[in-house]
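> Show me the folded form of this:
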Amino acid sequence: MQTPDSASVLRHLRALIVAGVDAAPDRELLERFSRGRDEEAFAALLRRHGPMVWRVCRRLAPCPADAEDAFQSTFMRLAQHAGSIRAGESASAPGRPRRRPPRGPADRESKAALGRLAARP
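Numbering: from 1, shown residues only. This is a model prediction of the structure:
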């Protein structure tokens, strides 16, 4: 049985471990996860990039359930392909172009048109 003192020491040690993992660069975290399925390394990647991925999913998905599915799919894909991602590469599928942000009225109109099509029953 843990005493209050030992519980606080364990919490402090866990916090130090998480802080050390969170300070590691993405490349190291990916290597640790792909080599040894280090769950703390993957959790650090999720803490670091999860909020940004969630914002993108919420912005692009028509409903919250779709955003949740997209978020989960993103990190499932990362978990499945962590060992094949090389330094300087994107985590997207090989040969798949990266999306670029809208650059003008034509891009905004295209995005709006796609949104209207997706909203149709």
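> Could you list the low-confidence segments of the protein?
For the chain, residues meeting the criterion pLDDT under 70 lie at 1-21, 87-121.
> and the longest helix seen in it, what does it pack onto?
If you go by DSSP state H, the chain has its longest helix at helix 39-60. Helix 39-60 is packed against helix 4-23, helix 26-36, helix 64-81, with contacts defined by 3 or more C-beta pairs under 8 Å, 6 or more residues apart in numbering; DSSP states H and E. (C-beta placed from N, C-alpha, C; glycine too.)
> Now for residue 40, how many residues are close by?
If you count neighbours by other C-beta atoms under 10 Å, residue 40 ends up with 16.
> what do you get for residue 44?
A total of 23 residues lie near residue 44 under the criterion other C-beta under 10 Å.
> Can you list the buried residues in the longest helix of the chain?
Neighbour-count burial for helix 39-60 flags 40-45, 57 (criterion: 16 or more other C-beta atoms under 10 Å).
> I'd like to know which of those residues is nearest to residue 74.
Distance to residue 74, by C-beta to C-beta, is smallest for residue 57 among those, at 7.4 Å.
> ok, which pair from the buried residues of helix 39-60 is furthest apart?
Largest separation among the buried residues of helix 39-60 by C-beta to C-beta: 40 and 57, giving 24.0 Å.
> Mind listing what's buried along stretch 58-72?
61, 67, 70-71.
> So residue 42 sits against residue 26, correct?
No - the pair residue 42 and residue 26 fails to qualify as a contact (C-beta atoms under 8 Å) at a distance of 11.4 Å.
> gap between residue 51 and residue 31?
23 Å (C-beta to C-beta, to the nearest Å).
> what does residue 58 give?
Distance, residue 58 to residue 31, using C-beta to C-beta: 30 Å.
> what does residue 62 give?
36 Å.
> still on that earlier bit, a markdown table for the buried residues of stretch 58-72, including distance to residue 79?
Below are the buried residues of stretch 58-72 laid out as a markdown table (distance: C-beta to C-beta, whole Å):
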| residue | distance to residue 79 |
| --- | --- |
| 61 | 20 |
| 67 | 19 |
| 70 | 15 |
| 71 | 13 |
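> so which pair among these is furthest apart in space?
Spatially, the most separated pair among the buried residues of stretch 58-72 is 61 and 71, at 8.8 Å (C-beta to C-beta).
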